[in-house]
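S.K.: Okay, predicted coordinates and the sequence, questions at the end:
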Amino acid sequence: MQLASIRILTTDLPRLVQFYEQATGLPATHYTPDFAELPTPAATLAIGSLRTAELFGGAHMAAAANRSVIIEFYVADVDAAYERIAGLPGPDVVQVPTTMPWGNRSLLFRDPDGNLVNFFMPVTPAAQQRFSRQQTA
């Protein structure tokens with residue numbers, strides 16, 4: 001089994017897609033006015049309008065209501081990513097780049113919808129080894 005994507009539902013698709021394009025430097029592919037994707041080598045970040053939730057029987061789904069998931073991106077340089085994020089309108093930085101006890105250097109912020117996002121890179125030998133195992137599994 002392989003994780004294919006994480007999908008964010010939003011009330012403002014153009015704003016959120018533009019934010020993620022600027023934050024990640026990745027171009028989005030717009031399939032419809034209600035759905036776009038930012039593919040990465042490991043998985044895809046999908047962004048859909050609330051109208052797409054209707055296709056899943058979505059009366060119970062709500063945008064910007066998440067408080068338990070962190071969307072994580074492996075980046076080459078967390079500190080450079082912080083400089084890029086700091087210049088964007090909308091993100092609320094929760095934690096400046098910090099080396100975590102498990103060996104990752106992390107930048108935690110909220111996107112314009114309030115979703116938690118972590119840009120991280122493994123910096124200790126143990127974390128680097130752990131991550132390299134994940135890439136080959």
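M.R.: Great, that's in hand.
S.K.: Can you list the low-confidence ranges for this protein?
M.R.: For the chain, the stretches with pLDDT under 70 are 57-66, 133-137.
S.K.: Which residue ranges of it form strands?
M.R.: Along the chain, counting by DSSP state E, strands occupy 5-10, 29-32, 35-39, 44-49, 70-74, 92-99, 104-110, 116-122.
S.K.: Mind giving me the packing neighbours of the fifth one?
M.R.: This points to strand 70-74. Counting contacts by 3 or more CB pairs under 8 Å, 6 or more residues apart in numbering; DSSP states H and E, strand 70-74 is packed against strand 116-122. C-beta coordinates here come from the backbone N, C-alpha and C atoms, glycine included.
S.K.: Name every strand pairing with the strand it packs on and say which way it goes.
M.R.: Using DSSP bridges, strand 116-122 pairs in its sheet with strand 70-74 (parallel), strand 104-110 (antiparallel).
S.K.: Centre of the chain to the longest one, how far?
M.R.: When you say that, I think you mean strand 104-110. Relative to its chain's centre, strand 104-110 lies at 11 Å (CA atoms, centre = their mean, to the nearest Å).
S.K.: hmm, back to that, just put the strands of the chain in JSON lines and tack on mean neighbour count.
M.R.: Converted to JSON lines, these look like this (neighbours: other CB atoms under 10 Å):
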{"stretch": "strand 5-10", "mean neighbour count": "18"}
{"stretch": "strand 29-32", "mean neighbour count": "12"}
{"stretch": "strand 35-39", "mean neighbour count": "19"}
{"stretch": "strand 44-49", "mean neighbour count": "21"}
{"stretch": "strand 70-74", "mean neighbour count": "16"}
{"stretch": "strand 92-99", "mean neighbour count": "13"}
{"stretch": "strand 104-110", "mean neighbour count": "20"}
{"stretch": "strand 116-122", "mean neighbour count": "21"}
